[in-house]
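> Below are the sequence and a predicted model for it; my questions follow.
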Amino acid sequence: FLRAVSTTWHSNDDDVYRAPPIDRSLLPTAPRAAREPNIDRSRLPKSPPYTAFLGNLPYDVTEESIKDFFRGLNISAVRLPREPTNPERLKGFGYAEFEDIDSLFQALSLNEESLGNRRIRVDVADQAQDKGECPAASR
């Protein structure tokens, strides 16, 4: 069995070196994808489609670059609305549909990550928006 051994040269607490408290704001944080996203799970859809709204997309984004951004997740579809007056030009937002709730949840952890030169917004798509309605009409 072990017994605590006291040494007289170390018994005075005033002499013990105490490291200054750590300022946690200076420490690096875990990669965003490794952190639990700050998502209210009650906002997630209870049944398919599991769709994320993607905002602030670069205008040169492609379906492939979206799929690459969400690589490792079960993505089933990407929709990138185009300007009606200029079909070559994207509107700067889109939707990514996922096969399962966990993929959607993980996708939400990529909110504010960079795609191209933009920090994109990833949020749960309103079901009304996802049906192809104009986002402004549902607000």
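Structure's in. What do you need?
> Just the buried positions in stretch 91-103, please.
Gly92, Phe93, Gly94, Tyr95, Ala96, Glu97, Phe98, Ser103 (16 or more other CB atoms under 10 Å). C-beta coordinates here come from the backbone N, C-alpha and C atoms, glycine included.
> what mean pLDDT does it have?
For stretch 91-103, mean pLDDT rounds to 96.
> That stretch: end-to-end distance?
Stretch 91-103 has an end-to-end distance of 25 Å (CA to CA, to the nearest Å).
> what comes into contact with that stretch?
The contact list for stretch 91-103 (CB atoms under 8 Å, 6 or more residues apart in numbering) reads 44-45, 49-57, 59, 61, 66, 70, 73-83, 104, 107, 125, 129-130, 135.
> Against Tyr95, how distant is Cys84?
Rather than Cys, residue 84 is Pro. Taking CB to CB, to the nearest Å as the measure, Pro84 falls 17 Å from Tyr95.
> correct me, but Asn117 touches Pro58?
Yes. Judged on CB atoms under 8 Å, Asn117 makes contact with Pro58 at a distance of 6.2 Å.
> which residue sits closest to Leu54 in space, ignoring its chain neighbours?
Excluding the flanking residues, the one nearest Leu54 by CB to CB, 6 or more residues apart in numbering is Gly94, at 4.7 Å.
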